[in-house]
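A.B. asks: Show me the folded form of this:
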Amino acid sequence: MDLNLVAVFVAVYETRSLTAAGRRLYVTQPAVSQALGRLRREFDDPLFVRAGRLMEPTPLAASMFPGFREAVASIDRTVDAVHRFDPSRSHKHFRIALSELGEIGWMPAILRAVRSEAPGMSIEVVPMDVDALPEWLGRGVVDLAVTPSPVVGSFAQVVLKSQGYGVAMSARNPLAAGPVSLDAYLAAPHVAVAGDSGSPNIAAALARIGVAIEPRVRVNHFTSLPLLLAGDDELVATVPDTIAEGWAKTWPVAVRPLPFEMPPVDVRLYRRATTQQPAALDWLYRVVAHAIQGSSGQFFVIHGDALAES
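C.D. replies: Numbers count the residues shown, from 1 in each chain. From the prediction side, this is the model:
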């Protein structure tokens, strides 16, 4: 079989799109359609059928994919070993899924590490969507993702940090006077961040003791929390404790231990399962992991100096 057909099969399977497969392979969409037609005749099977805007694989295609993916990955790695990926000459573009906190805390360290060795490489931050991550990583929509939320699927991953959580509130909140009881915690009005990738872990810990909370206020950005908490004597938020303790240095905010058992949450780096650019992705995966593991995060930039001066 023409090995180009195998590469087309893998690209269509991973992207679920003839157009996206063509972009990955640097060929036109009609060329991908022609190759798919040859594959269909070769195997006497449709292989992919349109479902809405996606090309969904048939059972035969699903059974063939693991072997074809491994074959393409093996060839790519062999070629990369001969040519040797040189980050200093790379102009590749990579996409990293990060939460708002991840972008604030880790992106400066990531960018410094990447640019020190690969000044021509471009990095795009994709706003975190925990529910979409399995599909994104499976289809190569993003190359890497950093999140404390478990991601379903057999993706390569490494633990970067272990993060505890606490209850943040105004220093004037009556609950700040001492340890927060579970009853008081559940009765307090909660504010939550819509894109908080750690929220599934909080919900799971509460579910284990048979309770749940319904936030009274939802906001879109973590940067909103210090000002909201400092200006309200009743609101509380369940947030990473080290970040809240940083807020407390410049905002009138207090942090208290959670009134329920919640083990520290592992923040993990995940890498996509698709086959393109394996050597470059290997390099980026190592660099990003090392950058985050060696950084305490720049969460201090969410500070209250402006409030103090106003």
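
A.B. asks: Surely residue 233 and residue 171 touch.
C.D. replies: No: using Cβ atoms under 8 Å, residue 233 is not in contact with residue 171; the gap is 9.4 Å. (Each C-beta comes from the backbone N, C-alpha and C, glycine too.)

A.B. asks: mind listing what the closest residue to residue 20 other than its chain neighbours touches?
C.D. replies: Leaving aside its chain neighbours, residue 20 sits nearest to residue 11 (7.9 Å; criterion: Cβ to Cβ, 6 or more residues apart in numbering). Going by Cβ atoms under 8 Å, 6 or more residues apart in numbering, residue 11 touches 20-21, 24-25, 32, 276.

A.B. asks: Which members of those are the farthest-apart pair?
C.D. replies: 32 and 276 (14.6 Å; Cβ to Cβ).

A.B. asks: from the contacts of residue 11, which is closest to residue 64?
C.D. replies: residue 21 (15.7 Å).

A.B. asks: just to confirm, which helix or strand has the closest one in it?
C.D. replies: Of the helices and strands defined by DSSP states H and E, residue 21 is found in helix 18-25.

A.B. asks: Do you have the helices of this structure handy? List them.
C.D. replies: Secondary structure of the chain, counting by DSSP state H: helices at 3-15, 18-25, 29-43, 59-83, 100-117, 133-139, 182-187, 199-208, 225-230, 241-247, 278-293, 305-309.

A.B. asks: and the gap between the nearest residue to residue 127 once chain neighbours are set aside and residue 294?
C.D. replies: Spatial nearest neighbour of residue 127, chain neighbours left out: residue 195 (6.9 Å); criterion: Cβ to Cβ, 6+ apart. According to Cβ to Cβ, to the nearest Å, residue 195 and residue 294 sit 26 Å apart.

A.B. asks: of the two, who's got more company?
C.D. replies: residue 195 (17 against 9; other Cβ atoms under 10 Å).

A.B. asks: these two touch, right, that one and residue 100?
C.D. replies: Yes: the criterion here is Cβ under 8 Å, and residue 195 meets it with residue 100 at 6.0 Å.

A.B. asks: what do those two both touch?
C.D. replies: Shared contacts of residue 195 and residue 100, counting by Cβ under 8 Å, 6+ apart, come down to 127-128.

A.B. asks: Look at the closest residue in space to residue 220 that isn't next to it in sequence and report its pLDDT.
C.D. replies: Excluding its sequence neighbours, the residue lying closest to residue 220 (Cβ to Cβ, 6+ apart) is residue 194, at 5.4 Å. Confidence at residue 194, expressed as pLDDT, is 83.

A.B. asks: Residue 194 contacts residue 218, doesn't it?
C.D. replies: Yes: assessed by Cβ under 8 Å, residue 194 is found in contact with residue 218 at 5.3 Å.

A.B. asks: related to what we said a few turns ago, using CSV, write out every CA atom in the helix holding residue 21.
C.D. replies: Taking C-alpha atoms only, helix 18-25 is exported to CSV below (Å, rounded to 0.1, in the frame of the first residue of the first chain):
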residue,chain,number,x,y,z
LEU,A,18,-10.9,16.4,5.4
THR,A,19,-10.0,20.1,5.4
ALA,A,20,-8.1,19.9,8.7
ALA,A,21,-6.3,16.7,7.6
GLY,A,22,-5.3,18.5,4.4
ARG,A,23,-3.8,21.4,6.4
ARG,A,24,-1.9,19.0,8.6
LEU,A,25,-0.5,17.2,5.5
